[in-house]
Structures are given as C-alpha cells and as structure tokens.
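**Student:** Sequence isn't available, so here's the structure alone:
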C-alpha cells in the first residue's frame, strides 16, 4: 500500500503569515535546516546545489569576465587590524566573535572574520610594489561570522553565512569608481538572469553605507510583504584602507603613490530572497536556471501496461538527460503523493506518462509555476522542454517585477510617505541625504530606512526633501527592510 | 631597458636543503603566502586555481560518481557534542580552538570545527527516519581549524586549512566497509590521474587510526626526503557515532535499527605533497592537468619583424585557446627573464616564436619538466601540444613512482629497519600491530611510525614482527612522516 508518512504540506499561507510560511517552505523543501548553535543554519544538498549554480555563474560571468581571480585568506583577523581603519572597526565591533585567548595563547585577540578587508589588505601591502601589479583583483568564496543580536532568520540573517567578497586595487580614482558600479550592475544581472529576481540598483545613503567606505552601491529586492532585502553591495573604499595598511605602488613616473580600492560581496542571503519571492502555498518554486533538476519524470503505473510505461519513461529520461531529470518510479507512493513532494521541492517541470499517453505517443508536461498542463508528442519533448523552462523564467521575472511596480509609490508630500510605509509600500521621494533626517524618517514611519538612490533618477529643479524641507540631494527609495 | 627587479630565483637546492627550498618554491611561485596570524596561510590565486581543479575533478569523479551530494554545516560545534563520542573527544581536544564565551554569551563553549562528524551527525539523527533515507551520502567543502602546537609548514601543517569531508550512513556493515575502501581507492586515483602523484594505499594501525574510528584507510605519498605524507583518509566509523548521536532508522521489517557510518577527507595538504614531489631548483613544476594555464607563449621580439611575429604569436594564442595560454608580450622584460619567471611558476609548456621560426613556419615548444625543446610546424601544434602535456604527466608520475621504488626497503631483520630509517627509507616489514610495539619502534628509530598496511600484501606463514618477535598480523610500511 502507498504510504503517506512524512510528506505533510505547507500549512501556513503566504498571504496570511509570511514568516511562518517562509520558514516552512525552507524547511520542508529540505533546502536548509536550523543549526543546533543558535542563529546558525545547515545548508542542505537541495540548497547547496542552488549556491553551486550561483557560484558557477558568478565565476564565469563576474570573476573571469572582469579578470579577477579566486584566492583564500585566513579566517582569523588580529584585533589591531580592525583598529587601523577607525570607521570600519566601529561599524563591525558589536558583531565580532572572538577566539578564546586562554586557548590560543596569542598576544592579541583574534576575530573570526566578519569580512576580510583588513586581513587581505595586510597581504596586499606586501604584494603590491609597482604599477605593473595593478589592477589587482581578487575574489574569495568563504564563510563569515557576524554575531547577530537581532532575531535570526534562515538565509536572511544568520550568525554564519557563505558569501563571496571581491577586493580590487586600482591606480586611479576613476577606474576604481567605474568598476565599483560595474560590479553592482553585474550583481543585478545575475539576480535577474539566474534567479529571475528583479532588483533596485543604486547608491546607499551616508547612514546606510559600509563602515569604512566612501560610497556603497547595492542591489535591493522587494519582498511580497513590502520589505526590502539588500542582496549584494559594492563599496568604493577610496584610499582610506590603502593609507591605513600602507599599500603603496611605484608609478610609471617612478613616484610612490597611494592606490584606490573597492570591495563587493554577495551572500547566501540571495537564496532567501529568491525563495520568498517565487514560492507559493504548495512550497518552493525554483527558477529553472538554478534548479539542479529541471524536471521530474513520474510514470503513472497502474495494473495495465506497467512494463511498457516504465520502458517508455526510461527512454524519455535518457532523451532528456541534459535536464538532469529525477526519475520517480518508487512503487510505494501514489502519483498524487509524488506530485505533492516534487511541487514542495520546487522542481520546475513535471513529466507524467501513463497508459493513455502511451497510446497517443505523448507525455504531459506540468509547469510548477502556473500548474499549466502541456500535452506534448514525445518526439517534440526535446524542443519543448527548454522552451517551457525559458517561459517559466520569464513568468517568474515578470511576476516579481510586478510586485515592485505595484508596491512602488512616488510620494508627493510627507503624509504620503507615512501612509505608504504603513501600507507596506516602497516609497520614492526626494531626500536631503542627511543622517539626522534619515533617523527622523525611521522614527516617524516606525522603521523605514533609505534603501538606495537609483542611478537613473534625476531630481527636478528645486525639489525639497519631503521630511525636512531642505534642498533635496537625490531621489531615494524608503521602506522597511530585512 | 628590460628590468630585473623582483624575480629572483630559488636560492636553495632541493637536494641540499629541502625545507628551505620548499618554502622558497611555495612563496616565489606565488602559490601561497604566510598569514599574519602564526601558523595560517594565504592561498594565492596561483594556488587556489590548483585547489579549484582538484575540486572540479573531485565533484565529478567522487561526489557525483558515488551519488553523494554537497552541503554546508555550521562552523561552530557545541562542546557537549565532542564528549558524546569519548575517543573522538580525546583525540581532538588538544587542538581545538574555542570561541570567547564573554563575547558569545552562550551557555556552553563553542569550538571552531576541527572536523564535522559531531555537528553533522546531530542533524543526521533528525533527517534519518527510515531505510528509504539510506544510504545518506553528504560531502562538504570547508575550512577547518586545528590549533597545532608543532611547527607549521605551508600546506603541510597549518592552523587553518581547506578540505572536503564526506559523511555517509548505510544500512549494513558490509556496504559501509566496502564503500570506505572504495573512497580511499578513489583518492589514490585522483592523486595519480590528476596530480601525477603515486601513493601507497592501505590500512592504518590501531595507534594511527582516527579518533573514534573502527578502522582508518589512508593514501600516503613519499617525499623525496624519505618522509611520508598522509594525503587523505577514509574512516570506517562502525556504529559508535550513530549510538552516541542516536541515529536510528526503521528497517523494511518495521524494526528500529542502528546504521553504519564512514567519513573521508582530503585537504589542501595534497597540494604541498605535489609541489614537494615534482618541483625542482628552477621552481614549481605543475602537472598539466591541474595547471590553470597549460602553456605560456613568448614572442621573441627583436628589432626585426616585430609586427609579423606578434601577429603570428597572437594567431597561435587563439588557435591554442583551449589550453588557456598566457600571452607574454611585455616589452620591458627580456625573453630570458620571462623564461625564468614562467619556469618558476611551473607552467608546463613554453612556446617560443622568433624571426627564424617565422621563416620556417614553426614554433619551439619547451617542456618545463625536462627542458626538452621541440620544433613543431605551426599547423601541427594543435595536435602536438596535448601529446606533450600527456607525456609530461606520464614522466612526472614515473619519476615520482621511481622515488617510492628506490626508497622502499623490505626489511629482513630488526637491524635493517633501524639502518634503513636512518638512511631515510621507507621500510616494509611484518608487524604485530600492537600499540606498545609501535611506540618502541618510534623510539628506537628516532621517529618512524607505521604509515599503512597495503591491501595487497599477504604475510607468509609464521612470519614474526621484526621488533618484538611476536606473531605478525600484517605487513606494514614504516617511515618518518610530515
């Protein structure tokens, strides 16, 4: 008899209780689990496969494409390194986890890296001698630790996470700035092309920029609950770190010079944003390009024609091999049970084949995103499958784009801002850019912060900050955030 | 004028001062650097590319090929987890680095993982319910920390290193044992096929086995100085951890059962073994399969025909693209200077093309391993390059195999053992297998330990342990080791 143990569906509704729904989707799709140590997570094989696909895309289209190279720097950072750049030290000190001095017996405290600017630039100061060594572009894939005191959330905020951090050194300020922006645009491209996740791209405010940066650029996704999720950042570091770590190079003119630096990072947080955006009340919805298995084949085995159906289904499995199909011929589960399981796990396409299909020399392709059924002649499958996968990607991207569009409000006056934030919208407004004003906005709206200032928005002449009435510096997005 | 700054060759000789020579090769080839924190290392892009090639081979031929899947578990291990398996706790306790309790404020001490058995099996105990969940095969790529008190050495012994650790759970003891051995054989294959590094494969003694294992299998490479280097291990864990972490499954017969486990790991240490074995007094020698750039193209630019030569060289660069050639047309260095640099960095093949070659429609291919020059018609290059690369691999493997052969002594009596160890040989002898006897051997030989007992060696009837004279249990290799 088919068994029904284990596979219990998502019991919370996305539209009613997003936090509970999100957690259930993450856990029941077996993408991630809670670690035993508070605030940590276990990235399970279903989730790690997504990260590997992100890494592969990233290595090809961002690391290689910009002539950067991968490397690996130590986990431990001496305390004195942090203090060399004072803003950086201040920004990170509340979240740093330290090694027990009794155990290590080292002269000074050692931090577990929360980010690697300092440890890397110490090496850079020895490696960089001449203009011939520039630009230096190094990326590393690693774990980082930030001892969060706020409530943690799977993927979105955890005490340890995986990320990449790129760290470049340039001869000129212009080259540095141009590339800082180029990297954030490449992040936006990755997010849309690979994860079907449209993002806002822009510059962070003075208050929200990275500790030690001159300017920070970010990609921000907008979740269905109206909260923004910062998914990746690129920092123009100026010459501050170079000065602090004594990075100097001999120019072509034989003079000693101080170079310009940037850093850029993108983490497993992005996976959380992707899950929250695309998934539904049946479970995970995976954009086809990051799905390890693009489809699952379920032969409908009844009393009749069992052998023939299994044979045909196996033929199709071989024919569709490049889509890395799961072949589910387990006989202890009903087809319906299997459909639920693979929908929960987010497989983009399901191929059903039963007695009636055999007779018609067809198979049924069922889309995970829409549930739409396509009856396809078996000879056409090899053409049809990639087409539908492409359609799924487009549909997910469009739907997510519509969330941003629907939730974006261009505020005309301060009252609009307060009202829109209360209604969980993303508010676009002229902003003075000042830290004090941003504190006020946060306070008066019950938590909204500036997300970013889009590159392509120009202020009209004479526009004023909607909160304080001073001259506006730029247009900014405000919303609550994760 | 061509400059000669920076690139100063290796000043120590491999045959005279191996430790100094090894360190210079590692540093000057820019494969690895010292970290600022004592005992740590920075894996530079030239070195990380080797690790990425190892990972790629491993994921394809070991993870995928055995139906394992990659995942990621937390860095922090609660102290109580270690103590659940007492031998394991005892084996690792001297080298564990702990988090500062003041900072984390957690109830119990948290360790930085020295290995992940305990943290993973805690999750496994929740994930495994039924025979349907078995075998469970998970691999993770990560950093681990062992706070070494012995002197550290680049790649060979460092306080943090990168590795993979596979952790499987099986229904039966037999399946578990078979697979434990299968993994160690796959490691040997990787070592030979990819790194041209022949290894001994066998079982570790009671004294040398992993803390918490029933049996440990290892691959051991033999360095040119006669010291063995343990490069990878596979552990039969029995049911000890399953009992300690309460991993149980419901069998087909509806009865609760205790499963069987193994774990297997291979680290960046292997890179050190590869470097020490193949490299020479000119610098690094990279086996072609792990070399990021299989060749470097050096156009010989003199006054005459500069344009023509550069054009032809660029044509060849495009033609040989799949070998990812470095194209060195820098005009501030002489060809000789460039040869030294790329030899130091271990590029397997150098292609030179100058005025005389243009006239003959040929190029010169120079092998890094032997220095041999091959004059090749340009139209034949695309065929000839992979052939020579294959030859280089074979030659390196053979040369390294000869080291093992030349250094291996089959001892007939105890005096042979002492003498051979003094002469930095690898000694094969019948051994009783007892811990006390092994301690004696170490003591009397000034440091030799049992490396492994080869699978294919059978004892002759009545053979006795050469040290204690008791009945021999198996044939064992003894030598000093890293």
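**Tutor:** Received the coordinates, thanks. Note that the structure is predicted; figures quoted are calculated from it, not measured. Numbering: from 1, shown residues only, chains lettered A, B, ... in the order given.

**Student:** So which residues make contact with the helix or strand harbouring residue A:358?
**Tutor:** Assessed by DSSP states H and E, residue A:358 sits inside helix A:355-360. Helix A:355-360 has contacts (C-beta atoms under 8 Å, 6 or more residues apart in numbering or on different chains) with A:300, A:302, A:304, A:305, A:308, A:309, A:312, A:363, A:364, A:375. C-beta coordinates here come from the backbone N, C-alpha and C atoms, glycine included.

**Student:** Could you give me the buried positions within the longest helix belonging to chain A?
**Tutor:** Among all segments of chain A classified by DSSP state H, the helix with the greatest residue count is helix A:381-407. Buried positions in helix A:381-407, judged by neighbour count with 16 or more other C-beta atoms under 10 Å in any protein chain shown: A:381, A:384-385, A:388-389, A:392-393, A:395-397, A:399-400, A:403-404, A:407.

**Student:** Among those residues, which one sits closest to residue A:27?
**Tutor:** residue A:396 (21.9 Å; C-beta to C-beta).

**Student:** Residue A:290 is in contact with that closest one, correct?
**Tutor:** No - here residue A:396 does not reach residue A:290: they are 11.0 Å apart, not a contact under C-beta atoms under 8 Å.

**Student:** in the stretch 201-350 of chain A, which ranges drop under the pLDDT threshold?
**Tutor:** Within the stretch 201-350 of chain A, no range satisfies pLDDT under 70.

**Student:** that older thread, what's the most distant pair in the contacts of helix A:355-360?
**Tutor:** Farthest pair in these (C-beta to C-beta) is A:304 and A:375. Separation: 19.9 Å.

**Student:** Out of the contacts of helix A:355-360, list just those in helices.
**Tutor:** Assigned to helices by DSSP H, the following of these qualify: A:308, A:309, A:312.

**Student:** could you dump those residues to TSV with neighbour count and distance to chain B?
**Tutor:** Shown next, in TSV, are the ones in helices among the contacts of helix A:355-360 (neighbours: other C-beta atoms under 10 Å in any protein chain shown; distance: C-beta to the nearest C-beta, whole Å):
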residue	neighbour count	distance to chain B
A:308	12	27
A:309	20	23
A:312	19	25
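
**Student:** which among those residues gets closest to residue B:39?
**Tutor:** If you rank the ones in helices among the contacts of helix A:355-360 by distance to residue B:39 using C-beta to C-beta, residue A:312 comes first, at 60.3 Å.

**Student:** Next, find the distance separating the closest one from residue A:328.
**Tutor:** Here residue A:312 is placed at a distance of 15 Å from residue A:328 (C-beta to C-beta, to the nearest Å).

**Student:** go on, residue A:295?
**Tutor:** As judged by C-beta to C-beta, residue A:295 and residue A:328 stand 11 Å apart.

**Student:** of those two, who's got more company?
**Tutor:** In this view residue A:295 and residue A:328 are compared by other C-beta atoms under 10 Å in any protein chain shown, and residue A:295 has more residues nearby, 27 against 18.

**Student:** List the beta-bridge partners for that one.
**Tutor:** With DSSP bridges applied, residue A:295 shows beta-bridge pairing to residue A:349.

**Student:** List the residues that contact it.
**Tutor:** Residue A:295 neighbours (C-beta under 8 Å, 6+ apart): A:320, A:323, A:325, A:326, A:347, A:348, A:349, A:350, A:351, A:365, A:385.

**Student:** what about 7 Å?
**Tutor:** A:320, A:323, A:325, A:347, A:348, A:349, A:350, A:351, A:385 (C-beta atoms under 7 Å, 6 or more residues apart in numbering or on different chains).

**Student:** Return the distance of it relative to residue A:343.
**Tutor:** Between residue A:295 and residue A:343 the distance is 13 Å, computed by C-beta to C-beta.

**Student:** what residues does chain A put near chain B?
**Tutor:** With the criterion set to C-beta under 7 Å from any C-beta of the partner chain, chain A comes near chain B through A:33, A:35-37, A:40, A:42-45, A:48, A:52, A:69-76, A:78, A:97-100, A:103-104, A:110, A:122-123, A:138, A:143, A:145, A:147, A:160, A:162.

**Student:** What's the end-to-end length of stretch A:108-124?
**Tutor:** 22 Å (C-alpha to C-alpha, to the nearest Å).

**Student:** quick one, what contacts the one residue sitting closest to the centre of chain A?
**Tutor:** Closest to where the C-alpha atoms of chain A average out (C-alpha atoms, centre = their mean) is residue A:270, at 1.5 Å. With contact set as C-beta under 7 Å, 6+ apart, residue A:270 has these partners: A:54, A:191, A:195, A:231, A:232.
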